[in-house]
Every structure is written in C-alpha cells, then in structure tokens.
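Enquirer: Mind folding the following:
(2 chains)
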Amino acid sequence: MEIVISVSIGVLASAGVWLVLRPRTFQVLIGLSLLSYAVNLFIFTVGSLAIAAEPIVKPGLAANLTNYSDPLPQSLVLTAIVIGFATTALFLVVLLALRGLSGGDHVDGQEEQP
Amino acid sequence: MTPNHLIVAPVLLPLATAALMLLLGEGRRSMKAVVNVGSAVVGLGIAIALLTSVDAQQAPAAFGIYLPGNWPVPFGIVLVADRLSALMCVLAGSVGLASLVYALARWQHAGVYFHVLFQLQLMGLYGAFLTADLFNLFVFFEVLLAASYGLLLHGGGLQRVKAGLHYIAINLLASLLFLIGVAVLYGVTGTLNMADIAVKLPHVPASDRGLLHAGAAILAMAFLAKAAIWPLSSWLPPAYTAASAPTAAVFAILTKVGAYAVLRLWTLCFPASAGASAWFGGEVLVWGGLVTLAFGSVGMLASQQVARLASFSIIASSGTLMAAIGFGVPALVSGALVYLASSTLAGCALFLLVELLERSRQVEVGPQQMDDGNVALRGFLDAEPPASTNLDDDEEALVGRAIPAALAFLGLSFTACALVVAGLPPLAGFVAKLAMLTALLDIRSTAAWALFAGLILSGLFAATALVRVGIRHFWTTHDHPAPRLRVVESLPIAALLAATFMIVVQGDALLGYARATADALHDPQRYIEAVTNARPQPLATIGTP
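Expert: Prediction:
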C-alpha cells in the first residue's frame, strides 16, 4: 500500500508542478488543484497507513498506532480541503476576471512577444 | 484564577464586526465606516492593553495563556500573548487603523465589501500573532491571505487583476509548502503545539533528524516566501504597486508576519541547546537576508514609480530583519525589533503618501487611475519649466512666494518618511540601525561585517532614491494647482509619523522592551514552561455566573 500511495502522490505532485509552470491560467488552476490533492494525500500518510483500523480506543487494546489509526491527520486534511477549495474557487474568479479584462488566457495578461 | 479573555478578544472582535457588517447589506456605507473604525480603535486598545499587561509582569511570568476550548495543553489550541505577540498586535492595529481612516476619504467607495474584508484581514493578523499552535497558525495565515486577495483586487482594473492572479498563485503554492512542512513535523514529533514540538525535538532519534530538518526547511520556505526573501520576492513589487493605497499600507505588515513566524518558531525549536539541530538554517537566514537587502536597495534605486520604490523598501527592510534574526544574538534581535516597528510604520505612511504625491501631479484623478509605469523620470536639466514660471533675474526677484500648506505638509511628511526608511538621524530608523550596528560590532564574523556594510550602504541607496523622488515632486516647478488634502487623509500619515517620532522620544523604554523580548525569545524554556504549565478551568467553575 505504501508504494501505491507514494507513487500516486508523486504523480500528482509532478503533474501539478508541470502544470503550474505552464503559461495558461487554466493549466495553472488545474496544477494547483493537483498539487493540493498530492499534499492532502501526503498529510493523510503521516498518521501511518493502516487498513480497517479505527481511531476509537477499545478496552483491552493498547492505545498506539499499531492498533488504531491516527484521527488528527484526517481532521487536518478536512480543514486543508475546505481551505484549498475556497481559495481555488477564488482563483477561478480572478482567472475569469483576467480573461474578461485582457481578452486572453495568458497568465501575464498578454502573449509573450517572440 | 479566571482566564484572561483579553487574549482572545483581538480575534473575536474583528470576526464579530465582519459578520455584523455583512448583515448590514451592500449599502449603509457611513454606518459601516463608523462600525469599522470603532472596532479598529477598540482592537488597537485591546492590543495596547495586552502589551502593557505582559510588560508589567516580570519574567518569567510575562506570558498570557488562553485555552480557547478548555482542553489540556498539548491537545487543544493555545493562544499565547507574550511580548513579541503583543508588539506585533499593536503594530497590526496601528497600521490597520491608519489605513482604514485614510480609506474613508475615497477608497471605501470603490467596492462593496471593503469594510468586511478589512476586518477579516485584521482578524487573520491578530490570530497569526497570538496562536501557539502550528496548524492554527496555518488557518490564520489562510484567513489573512484570503482577505488580502480580496483587498488587493479592491478597485479593479487590469493591473490589479493581473498582479492579483500572480499573488494568489504564489501564496497558494506557499500554503501547500506550509502544509507539507506541518505534516512532516507532525509525523516526526506527533504534536502540533509549538511548545510541545520544542520539547519533543531534542528526543527525535538520529534516523529521523534528516526528515525533521527537511520538514523545518519546507515550512521555512513558506514563511520566507511570505517575508519576500530573495529569490522568493519577485511577486511583491507588482502586487504592492498595483494595490490601492490603503491596501498597500496594510500590506506593509504582511511581510512582517513571515518574519514573525520565523523568529518565533526558529528561536523556539532550534536554540543553542538543541544539540545536533542547534541554529539549524541560521546561515541561510543571514545570507538570504543580506542578498534580499542588496536586492531591495538596488531595486529602490532602479524604480521609476514611487509605489514601486516603496515596495522595494519593504523588501529591503524584510532582508534586514531576516539577516539580523539569523545571527541568533539577543542584542541584535532587540535592535531588529525596533527596526521592525519603525519600518512597518514608515512603510505604511510611505504607501499612503505615494497616492497623495501622485494625485498632486495629476489634477483630476479618480480611484481607478494608476500610473502605468511606462513614464520614465524626466532628467532634471532638460525638464522645461512651464511658461508662466518666473525664472528670469531681469524681471523680478523670486521672493515671497508662499508654499501652499498642503504641499508643505506633503513635503515634510515625505522627508520624515525618507529619514525613517533610510535610517538617518534624528528619527526612529536611526535608533534601530544604531542598536543593530552596535550589536554587530561585538559579533565579529564575516557575515556580521557584511551586514554592517549592508546596513550603511542600504541607507545610502534608500536616501539617494528617496531624495530623487523628493526633488522630482517638490523642487521642480509645476504647472498645476496645489493639491487639496482632506483631513482624514492627512491625519493617519501625521499619526504614523508621530508614532515613529515617539519611538525616538521613548527610545530607551522601547529598546528595553525589545531587549526583554529578545532575551525571552532566546531562552525558549520560559515559553515552553509557561505553555505546558497552563491548566484548563475546572468544569465546576464553567457556566456559573
């Protein structure tokens, strides 16, 4: 499972970085979204990966990460998702405003001169 | 012992005010203006009360601890008001109030939600300065950034939207780095409470130390991008130049939030006692700060627009701060704190002045108009005087020409601003620079001498750039009538400059306060003990009237 998660984080992050460096505003937006997915998955993994482990302490089982999953990264991810969603929406509005004002979708508001 | 609710008040008050103003709807501007100014005044009052309360208590008790959820310490969020937080809160409150009063003249009419966004900006600032929890710091960073996105776009126009897009993209990336850093630190230490992290760091096994350093470095990247340390500073000049005057004036403290976060976390987590991690990354801070100082100073000289010049002065002050912090010497940090206060106030005043200067050049200027940045400075020699100007000795002597009061005010304020920014005597910048230079003489390392030279040279560069602007605006002859100033526009500038003057008059007291702050920062055990010894209220006392 570690391999699957690591590879998916890596693919998302590298695709995100590549898209963020593109000159089109929409590509930057998608790149930022992909990067935030990668970061969210990454936060998820710092609480150690476990299958079918709950964060609720049961009597008789020692309260450590071999028996339970850590609930805190999950709540952090939840907060990060909400904040990332809101700021991405705001970015989308600015993107549309720039498109309306400049008539193009270049991040600098004008095409590069060759 | 009853909890000190004053500590949470600076966060709750702007939040409640913003909610109230949202309910007031899109109209009722004058009512919103009154509510907003009232709330900002009360917020500043609370910040000053916090400052006096932490200053009155002698060390090690100079900490106000507040547990918002009444959870025991490492588990719940903690708010801590110590000397550094209180100083930053007072600065945020002053800068906020001054910009707000200035905005009442015309900028508040340029958009519907200006007042709401402004209060949320203040809430994010106060929260970021008061929180003692790493993830809570992230949340408050996002609050202040989200509000700053809105404020930056205030007034509209292609320039602002373009600069805003870059600003938002950069800050979203920095926020992602922030999250990665927080996640790694949580993975290594298993806690998010800053004091608890500092307790657990020395016990991190050697196998995890590399991961810990990587996490701390990634987190620092987020703060350094916010503080506009070169090469992460290219977003700042376009954004601050395009922003409306009151917005840019508030933004003068936003870069200081990054410097604050570095100062707080770095001195707390990597002090001299941290063993293998002692002063981790200090060299990067010092040399990064020095390069930023050089970049900002050269940028000031190269700027044609006054707003751009002011933006580069913000970068230069950020570099000075970061380099001074990086040495980890209390005497130097105390000078840097005074410098932080004076440069924030002067930067705010300079951004407010810039618009008045530009307006005095163009007669009928509206809020939407901006200098497009393509107008180069005219040479002083080939600038043709207007035909009506009497320059001829044969006709009559140039005597008794009255300088209009507005122009005199602008000129004097600009001179005072320039003195503070360049760090020349007799104003506040000089006191701060003198304190830093004295401390640097005792360090005696290559980096210290480099900063010593950098401080002096940057002062020369700043003075040259500002004198050039002053000559261009006040000494060349103009064809247009004297600018008309409104009281609400000149009052905040005068108040900010009076505050920098007070820093000189009260220099001894302020330096003493800064010294106590720096000593407390470099002895993190006091902070850790104060936070870990906080106990939640017993349940029986909650709910009783």
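
Enquirer: rest of the way, CA atoms for contacts and neighbours
Expert: Fine.

Enquirer: Say whether chain B is contacted by the lowest-mean-pLDDT helix or strand in chain A.
Expert: Within chain A, confidence by mean pLDDT, DSSP states H and E is lowest for helix A:71-102 among all helices and strands, at a mean of 89. Yes - legend: contact between helix A:71-102 and chain B by CA under 8 Å from any CA of the partner chain is shown at A:Pro73, A:Leu76, A:Ala80, A:Ile83, A:Thr87, A:Phe91, A:Val94, A:Leu95, A:Ala97, A:Leu98, A:Leu101, A:Ser102.

Enquirer: and B:Val95, what is it in contact with?
Expert: Going by CA atoms under 8 Å, 6 or more residues apart in numbering or on different chains, B:Val95 touches B:Ala249, B:Val250, B:Ile253, B:Thr344, B:Leu345, B:Cys348.

Enquirer: for stretch A:37-48, what is the average pLDDT?
Expert: If you average the pLDDT over stretch A:37-48, you get 88.

Enquirer: picking up where we left off before, pipe the residues of helix A:71-102 next to chain B into TSV and attach neighbour count per row.
Expert: Converted to TSV, these look like this (neighbours: other CA atoms under 10 Å in any protein chain shown):
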residue	neighbour count
A:Pro73	22
A:Leu76	17
A:Ala80	24
A:Ile83	16
A:Thr87	20
A:Phe91	24
A:Val94	21
A:Leu95	24
A:Ala97	18
A:Leu98	27
A:Leu101	16
A:Ser102	18
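
Enquirer: Just send the residues you listed back as TSV, with distance to B:Leu491 too.
Expert: Below are these laid out as TSV (distance: CA to CA, whole Å):
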residue	distance to B:Leu491
A:Pro73	49
A:Leu76	44
A:Ala80	41
A:Ile83	38
A:Thr87	36
A:Phe91	36
A:Val94	34
A:Leu95	37
A:Ala97	35
A:Leu98	36
A:Leu101	36
A:Ser102	38
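
Enquirer: Show me which of these is closest to A:Glu2.
Expert: A:Pro73 (16.6 Å; CA to CA).

Enquirer: Nearest residue to the middle of chain A?
Expert: Chain A has A:Ser36 as the residue nearest its centroid, 1.7 Å off, counting by CA atoms, centre = their mean.

Enquirer: What angle do helix A:71-102 and whichever strand or helix holds that one make with each other?
Expert: Here A:Ser36, judged by DSSP states H and E, is contained in helix A:25-46. Using axes from the mean of the first three to the mean of the last three CA atoms, to 10 degrees, the direction of helix A:25-46 lies 170 degrees away from that of helix A:71-102.

Enquirer: Buried residues, helix A:25-46. List them.
Expert: The neighbour-count check on helix A:25-46 (16 or more other CA atoms under 10 Å in any protein chain shown) flags A:25-46 as buried.

Enquirer: which of those residues are close to chain B?
Expert: A:Leu32, A:Leu35, A:Ser36, A:Val39, A:Phe42, A:Ile43, A:Val46.

Enquirer: And the residues you listed, which is closest to B:Thr500?
Expert: A:Leu32 (41.5 Å).

Enquirer: contacting residues for that closest one?
Expert: A:Gly16, A:Val17, A:Leu19, A:Val20, A:Thr88, B:Ala169, B:Leu172, B:Leu173.

Enquirer: What is the burial count for the fifth one?
Expert: Translated: A:Thr88. 20 (other CA atoms under 10 Å in any protein chain shown).

Enquirer: for the record, mean pLDDT for the helix or strand encompassing B:Val431?
Expert: Assessed by DSSP H and E, B:Val431 sits inside helix B:428-443. For helix B:428-443, mean pLDDT is 88.

Enquirer: Likewise for stretch B:296-310?
Expert: 90.

Enquirer: Could you do stretch B:167-175 as well?
Expert: On average, stretch B:167-175 scores 93.

Enquirer: before we move on, what about stretch B:62-73?
Expert: 84.

Enquirer: and stretch B:12-27, C-alpha only, in CSV?
Expert: What follows is stretch B:12-27, C-alpha atoms only, in CSV (Å, rounded to 0.1, in the frame of the first residue of the first chain):
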residue,chain,number,x,y,z
LEU,B,12,-13.3,37.6,18.1
LEU,B,13,-13.9,41.3,17.8
PRO,B,14,-13.0,41.6,14.1
LEU,B,15,-14.8,38.4,13.3
ALA,B,16,-18.0,39.7,15.0
THR,B,17,-17.6,43.1,13.4
ALA,B,18,-17.2,41.5,9.9
ALA,B,19,-20.3,39.3,10.5
LEU,B,20,-22.3,42.3,11.6
MET,B,21,-21.2,44.4,8.6
LEU,B,22,-22.2,41.5,6.2
LEU,B,23,-25.7,41.6,7.7
LEU,B,24,-25.9,45.3,7.1
GLY,B,25,-26.0,44.6,3.4
GLU,B,26,-24.4,46.3,0.5
GLY,B,27,-25.5,49.9,1.3
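
Enquirer: Mind listing residues that contact it?
Expert: Residues beyond stretch B:12-27 that count as contacts (CA under 8 Å, 6+ apart) turn out to be B:32, B:35-36, B:39-40, B:43, B:112-113, B:115-117, B:119-120, B:122-123.

Enquirer: Helices of the stretch 201-350 of chain B, start to end?
Expert: B:206-226, B:236-242, B:245-251, B:254-269, B:282-302, B:306-326, B:330-361 (DSSP state H, counting those that start in this stretch).

Enquirer: and the ones you listed as TSV, adding mean neighbour count?
Expert: Converted to TSV, those look like this (neighbours: other CA under 10 Å):
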stretch	mean neighbour count
helix B:206-226	20
helix B:236-242	25
helix B:245-251	28
helix B:254-269	23
helix B:282-302	22
helix B:306-326	29
helix B:330-361	26
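
Enquirer: how much space is there between B:Leu352 and chain A?
Expert: Taking CA to the nearest CA, to the nearest Å as the measure, B:Leu352 falls 26 Å from chain A.

Enquirer: same check, this time on B:Ile77
Expert: B:Ile77 is 13 Å from chain A, where distance means CA to the nearest CA.

Enquirer: who's in contact with that residue?
Expert: B:Leu67, B:Pro68, B:Gly69, B:Trp71, B:Thr131, B:Ala132, B:Asp133, B:Asn136, B:Asn193.

Enquirer: In terms of helices and strands, where is it?
Expert: Assigned by DSSP H and E, B:Ile77 falls outside every helix and strand.

Enquirer: Now B:Leu134: closest residue in space that isn't a chain neighbour?
Expert: Distance criterion CA to CA, 6 or more residues apart in numbering or on different chains; nearest residue to B:Leu134, sequence neighbours excluded, is B:Leu192 at 5.4 Å.

Enquirer: how many neighbours does that neighbour have?
Expert: 23.

Enquirer: State the phi and psi torsions of it.
Expert: Dihedral angles of B:Leu192 (phi, psi; degrees, to the nearest 10) stand at phi -120, psi -10.
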